[in-house]
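**Q** sequence isn't available, so here's the structure alone:
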């Protein structure tokens, strides 16, 4: 089968599109002989996961460290989900991984996401990556990614989304995200207002916790380069300069750097960080220009009120700086389970013309 055929097949194996739980993935992973990579960083959260993973991936690749990166969902092609050294896995490599999974799964009915997760882990093992970056798909506690014990757990900002699965308030949702924490393990929190339930759970597990704004941050002083402040794994204060990263939220970049600093990498951060190039992450407040009209286009995957609020702030920033002039038009498409009314209310004062489409 080619990749298109495989993707159609794996979407039909399990009777439900979403089925949280670790037992199925664990059983098949054991049959495949999947082992943990030397270093694993797992990222959960409502908003900012993709940015944090993307920034870490860019840094590691520029350092020349063999890196596997698993994210979801994809924007254009499935191959985006599985990358090694910043390059998307080929159709052939992914199809081979699917074939190996299918050969051993027996009567275990894997979901689409579980198939994809196992394929990524198998490919990373075969490619002998030094660091595996794993983005949680939904929640954390029962997400397939969580069959692997992370060396560093990162939780991005927590908002209201997927409430039918995760709970109806930030406290409940944060406990699902906290499922990626490990007793005595490293925990990096990129939420500047972390729910009490999350902090209590980290304390209960005796995690070595680092919170944005308390233990690490990025500061901008006048027109100088952004400066990261944080801690090493030995608890020593560390400061280094970074190149500018327009369009990315400072707390997310700060959390990415903090996770890498404590992960045990042999990197001279003070001398090397200033040379890092941190590019825009596709679909995350990605500012581009239309080839035909020359108009500025801002692409963003915001799909909950918290993310929309960040998008509105970014648009205001672009307007205030003179990078965006004239009327602002938005093209919107939301899934039916989203808090559409709250998102439209947040956008109302910013948008001049609306184009409403649908998700296919």
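**A** Happy to help now that I have it. These numbers were taken from a predicted model, which means no experiment stands behind them.
**Q** hey, let's count contacts and neighbours off CA atoms from now on
**A** Noted.
**Q** how about residue 35: what's its closest non-neighbour residue?
**A** Nearest non-adjacent residue to residue 35, counting by C-alpha to C-alpha, 6 or more residues apart in numbering: residue 125, 7.1 Å away.
**Q** over to residue 250?
**A** Closest to residue 250 by C-alpha to C-alpha, 6+ apart is residue 218, at 6.1 Å.
**Q** then residue 82?
**A** Closest to residue 82 by C-alpha to C-alpha, 6+ apart is residue 70, at 4.9 Å.
**Q** double-check that neighbour against residue 134; I have them as touching.
**A** Yes - between residue 70 and residue 134 there is a contact under C-alpha atoms under 8 Å: 5.1 Å.
**Q** so what sits against both of these two?
**A** Common contact partners of residue 70 and residue 134 (C-alpha atoms under 8 Å, 6 or more residues apart in numbering): none.
**Q** for the residue nearest to residue 208 when sequence neighbours are not counted, list the residues it contacts.
**A** Once flanking residues are discounted, residue 208 sits nearest to residue 186: 4.8 Å by C-alpha to C-alpha, 6+ apart. Applying C-alpha under 8 Å, 6+ apart to residue 186 gives the contacts 151-153, 207-210.
**Q** top of these by neighbour count?
**A** Taking other C-alpha atoms under 10 Å as the neighbour criterion, residue 153 ranks highest of the contacts of residue 186 with 25 neighbours.
**Q** tell me the helices and strands packed up against the helix or strand in which that residue is found.
**A** Using DSSP states H and E, residue 153 sits in strand 152-155. Using 3 or more C-alpha pairs under 8 Å, 6 or more residues apart in numbering; DSSP states H and E as the contact test, the elements touching strand 152-155 are strand 39-44, strand 186-189, helix 250-261.
**Q** show me what that strand is in contact with.
**A** Here strand 152-155 makes contact (C-alpha under 8 Å, 6+ apart) with 40-45, 49, 177-178, 180-182, 185-191, 255, 259, 262-263.
**Q** give me that answer again for 7 Å
**A** The contact list for strand 152-155, computed with C-alpha atoms under 7 Å, 6 or more residues apart in numbering, reads 40-45, 180-181, 185-190, 259, 263.
**Q** what pairs with it, parallel or antiparallel?
**A** Neighbouring strands of strand 152-155 in its sheet, by DSSP bridges, are strand 39-44 (parallel), strand 186-189 (parallel).
**Q** so what's residue 298 up against?
**A** If you count contacts by C-alpha under 7 Å, 6+ apart, then residue 298 has 285-288 around it.
**Q** tell me which of the residues you listed is nearest to residue 65?
**A** Distance to residue 65, by C-alpha to C-alpha, is smallest for residue 286 among the contacts of residue 298, at 26.1 Å.
**Q** and that closest one, how many residues sit next to it?
**A** Other residues lying near residue 286 total 17 when counted by other C-alpha under 10 Å.
**Q** also the one 10 residues further on?
**A** Residue 296 is surrounded by 15 other residues when neighbours are defined as other C-alpha under 10 Å.
**Q** with residue 314 as the reference, measure out to the residue nearest to residue 179 when sequence neighbours are not counted.
**A** Among residues not flanking residue 179 along the chain, residue 141 sits closest, at 3.7 Å (C-alpha to C-alpha, 6+ apart). Distance of residue 141 to residue 314, given as C-alpha to C-alpha, to the nearest Å: 32 Å.
**Q** the two: which has the busier surroundings?
**A** Between residue 141 and residue 314, counting by other C-alpha under 10 Å, residue 141 is the more crowded of the two (22 against 17).
**Q** which of the helices or strands spans that one?
**A** If you go by DSSP H and E, residue 141 is not part of any helix or strand.
**Q** contacts only, for it.
**A** 176-180.
**Q** need the strands paired with strand 152-155 in TSV with mean pLDDT and distance to residue 120, can you?
**A** Shown next, in TSV, are the strands paired with strand 152-155 (pLDDT from 0 to 100; distance: least, C-alpha to C-alpha, whole Å):
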stretch	mean pLDDT	distance to residue 120
strand 39-44	98	13
strand 186-189	98	23
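**Q** can I get those in JSON lines with distance to residue 201?
**A** Listed next are these as JSON lines, based on distance: least, C-alpha to C-alpha, whole Å:
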{"stretch": "strand 39-44", "distance to residue 201": "15"}
{"stretch": "strand 186-189", "distance to residue 201": "11"}
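**Q** output the below-cut-off pLDDT ranges for this protein.
**A** For the chain, the stretches flagged by pLDDT under 70 are 15, 17-18, 160-168, 221-223, 325, 359-360.
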